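Peer 1: whatever this is, show me its structure:
(chains A and B)
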Amino acid sequence: QKEVEQNSGPLSVPEGAIASLNCTYSDRGSQSFFWYRQYSGKSPELIMFIYSNGDKEDGRFTAQLNKASQYVSLLIRDSQPSDSATYLCAVNRGGGYNKLIFGAGTRLAVHP
Amino acid sequence: DAMVIQNPRYQVTQFGKPVTLSCSQTLNHNVMYWYQQKSSQAPKLLFHYYDKDFNNEADTPDNFQSRRPNTSFCFLDIRSPGLGDAAMYLCATSRGPGLVVSGANVLTFGAGSRLTVL
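Peer 2: Numbering: from 1, shown residues only, chains lettered A, B, ... in the order given. Have a look, this model is predicted:
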């Protein structure tokens, strides 16, 4: 079992719709959770992070965390073609050195 | 602007010819990381430094070495690149251990170095 699992996609949504991206993790001791966006050939860029159960909103983005279910999700409202990218979920297992373990990502395609 | 800079952006080498990739940061972050990312795969942590304290991942091949001569610079050395080492190499930094709420463990990535092995 991989530590961080994501559906590889592609997830195709029409412009203006809500895109829902999901991630599960295996280590119950994980403390914080990150969503990164990665355009093809580029490096990951942080969208947001979450560490408490519930929802966290930042503009068009909402992260949701359920530690009991070991599940974290990202909702993108009013999806735009510029949101088309791979979305990486990452988990910080805690301990001394803030090591992030990444999932392989979900490819999102927003079509006009 | 404070940032993480990787050089070179693109590196072509021959099978077995040593390669060094560099990373510099102006963020004054304590922790520097090297990740390897192959096409359509998750970034895989190779090793990281917390200040001068080196931490190797258990499954990182011996072919990969790293140096951090000072706070600002970190190098990735690949002693004898094989075809399977072709990948994007990502350098990242974070402030270090701290309150999660402060974002101390948020990783900031450089633009990456893409390695091609012929």
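
Peer 1: alpha carbons only for contacts and neighbour counts from here, please
Peer 2: OK.

Peer 1: report the contact partners of the nearest residue to residue B:7 once chain neighbours are set aside.
Peer 2: Counting by C-alpha to C-alpha, 6 or more residues apart in numbering or on different chains, residue B:7 lies nearest to residue B:22, which is 5.3 Å off, once chain neighbours are set aside. By C-alpha atoms under 8 Å, 6 or more residues apart in numbering or on different chains, the contact list for residue B:22 reads B:6, B:7, B:8, B:73, B:74, B:75, B:76.

Peer 1: now the closest residue to chain A within chain B: how far from residue B:9?
Peer 2: Closest to chain A within chain B is residue B:42: 3.8 Å, counting by C-alpha to the nearest C-alpha. Residue B:42 sits 20 Å away from residue B:9, taking C-alpha to C-alpha, to the nearest Å as the criterion.

Peer 1: of the two, who's got more company?
Peer 2: Using other C-alpha atoms under 10 Å in any protein chain shown, the more surrounded residue of residue B:42 and residue B:9 is residue B:42, with 20 against 16.

Peer 1: contacting residues for that one?
Peer 2: Counting by C-alpha under 8 Å, 6+ apart, residue B:42 touches A:88, A:102, A:103, A:104, A:105.

Peer 1: next: residue A:71.
Peer 2: Contacts of residue A:71 (C-alpha under 8 Å, 6+ apart): A:22, A:23, A:24, A:25, A:65.

Peer 1: so the third one sits in a strand?
Peer 2: Yes: Residue A:24 forms part of a strand when assessed by DSSP: H, G, I helix; E, B strand; the rest coil.

Peer 1: so who does it touch?
Peer 2: A:4, A:5, A:6, A:70, A:71, A:72.

Peer 1: most neighbours of all the residues you listed, which one?
Peer 2: In terms of neighbour count, residue A:72 stands highest of those at 25 neighbours, by other C-alpha under 10 Å.

Peer 1: all strands of chain A, in order?
Peer 2: A:4-5, A:11-14, A:19-25, A:32-38, A:45-50, A:54-58, A:61-66, A:71-76, A:85-92, A:100-102, A:106-111 (DSSP state E).

Peer 1: low-confidence ranges in the chain?
Peer 2: Using chain A here. Within chain A, the stretches falling below the threshold (pLDDT under 70) are A:94-98.

Peer 1: my question was about chain B, not that one.
Peer 2: Ranges of chain B meeting pLDDT under 70: B:1-2, B:97-102.

Peer 1: for the closest residue to chain B within chain A, list the residues it contacts.
Peer 2: Relative to chain B, the nearest point of chain A is residue A:104 (3.8 Å; C-alpha to the nearest C-alpha). Applying C-alpha under 8 Å, 6+ apart, one finds that residue A:104 lies in contact with A:5, A:6, A:8, A:88, A:89, B:40, B:41, B:42, B:43.
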